[in-house]
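S.K.: Could you look at this predicted model? Sequence included:
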Amino acid sequence: MKAINKTVLAIACCTALAACSSEKKSESPEQAVKVEVYSPTQSSSEGIYLSGELTAKQTASISTRMMGYIRKIYAKPGDRVSAGQLLVSISSDEVSAKKAQVQAMIAEAEAAAKNAQKDYERYKALRSQNSVSDKELENVALQNTSMQAKVQVAKQQLREVNATLAYSNITAPFSGTVTQKMMDEGSMANPGMPILTVEQNGELQVVAAVPENYIQYVKVGDNVKVDLKSVDASFDGKITELSPSASNSGGQYALKIAIPAKEKGNLKAGMYANILIPNKLAKGETGKLMLETSSIVYREQLTGVYVVDSQNQAILRWVRLGKTSGNLVEALSGVESNDKIVFKAGGKLYNGKKVTITQ
């Protein structure tokens, strides 16, 4: 019995010692995470942000002026074509039949005109011999003039038919790339209905629209910064065109931006662009706070940053973001200019986590 009591006492002592050891361990200070911080920058070179799109300088919608079935399409999207290259062939049996009719009319009119000319020459000779009256010569002269006019009318009809027939074989208006095919072989082509779209090779520009409250601050020749997220490219451009009117665009003034030749290698029409016109502030507008994109934390549909408080704790603060320019993003709300923002959380931080700021 005494042996059992000793055993129980030993177990109790061990348990107590373990509890004390665990308590001391839990009371040990939490290891702080080393972080780098920065303060949001006030964008002194802030300006007007716009959204734009890359387009070809010259784009053509290939269509026909005649109605008929599409016999053959000789190019597909992605094909490079040369100026004058045959692109589409339209069935032209009806126009060809009309052309044959007009050619027959010309032959008939020319024969009648030739006969009328001979009659006129003969009557002129007879009139000089007083064998016919002036009235008879006048009638023959009028008949000759009428026949000659009919020949000209028939020839003009032939020109009209040939002009229409030319649209049965549609060629490329300039060298470029086929970007779209809207119809297939066998479909009925109607006048003005696009069949293909061709864009000029290598000549790209950025098109955008300026709201009416900014238009007074923008002019042709202004330098701009263009950011293309899809290809991770940024470059400087220049405004080359600015529409003087927004009557048909709901208060948006169209502008075009030239792209440097060295930047065109990986660019394609249709890419979206973020545009910044620096040092152009609307009346009453101030520079905005800019955050490093690497410091942004995403939680489903929310965005935030970790801010270091006065007790060196990381606090997750939700922010509302605006335009992105390079590696900076505009903070619309949620931070102050004197906040200490963590550069990269790296998944090691949470609310209240102790941190050590490194230089």
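M.R.: Received, thanks.

S.K.: Low-confidence bits of the stretch 201-350 of the chain, can you list those?
M.R.: The model of the stretch 201-350 of the chain has pLDDT under 70 over residues 202, 249-250, 279-287, 325-326.

S.K.: 90 instead, please
M.R.: Judged by pLDDT under 90, the stretch 201-350 of the chain has its weakly predicted residues at 201-205, 208-219, 221-237, 243-254, 258-294, 299-301, 310, 322-338, 343-350.

S.K.: Let me know how buried residue 132 is, in neighbour terms.
M.R.: A total of 17 residues lie near residue 132 under the criterion other Cβ atoms under 10 Å. Just so you know, the C-beta spots here come from the backbone N, C-alpha and C atoms, and that holds for glycine as well.

S.K.: Would you agree it is in contact with residue 123?
M.R.: Yes. Counting by Cβ atoms under 8 Å, residue 132 does reach residue 123; the two are 5.8 Å apart.

S.K.: now the end-to-end length of stretch 74-90.
M.R.: End-to-end distance for stretch 74-90, by Cα to Cα, to the nearest Å: 11 Å.

S.K.: list the buried ones in that stretch?
M.R.: Neighbour-count burial for stretch 74-90 flags 74, 75, 79, 81, 87, 88, 89, 90 (criterion: 16 or more other Cβ atoms under 10 Å).

S.K.: ok, now stretch 261-271?
M.R.: Of all the residues in stretch 261-271, those buried under the rule 16+ other Cβ under 10 Å are 263, 267, 269, 271.

S.K.: now do stretch 317-327
M.R.: For stretch 317-327, a neighbour-count test (16+ other Cβ under 10 Å) marks 317, 319, 321, 323, 324, 325 as buried.

S.K.: Show residues contacting that stretch.
M.R.: Residues outside stretch 317-327 that contact it (Cβ atoms under 8 Å, 6 or more residues apart in numbering): 49, 225, 227, 229, 234, 274, 276, 288, 290-294, 296, 302-307, 329-335, 339.

S.K.: which strands and helices sit next to the helix or strand harbouring residue 164?
M.R.: Assessed by DSSP states H and E, residue 164 sits inside helix 134-166. On a contact count with 3 or more Cβ pairs under 8 Å, 6 or more residues apart in numbering; DSSP states H and E, helix 134-166 meets helix 93-128.

S.K.: How far does the helix it packs on sit from its chain's centre?
M.R.: Relative to its chain's centre, helix 93-128 lies at 57 Å (Cα atoms, centre = their mean, to the nearest Å).

S.K.: Tell me the buried residues in that helix?
M.R.: Within helix 93-128, the residues scored as buried using 16+ other Cβ under 10 Å are 95, 98-99, 102, 105-106, 109-110, 112-113, 116, 119-120, 123, 127.

S.K.: same question, stretch 301-314
M.R.: 303, 304, 305, 306, 307, 308, 313, 314.

S.K.: Secondary structure for the residues you listed - can I get that in JSON lines?
M.R.: Converted to JSON lines, these look like this (DSSP: H, G, I helix; E, B strand; the rest coil):
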{"residue": "303", "secondary structure": "strand"}
{"residue": "304", "secondary structure": "strand"}
{"residue": "305", "secondary structure": "strand"}
{"residue": "306", "secondary structure": "strand"}
{"residue": "307", "secondary structure": "strand"}
{"residue": "308", "secondary structure": "strand"}
{"residue": "313", "secondary structure": "strand"}
{"residue": "314", "secondary structure": "strand"}
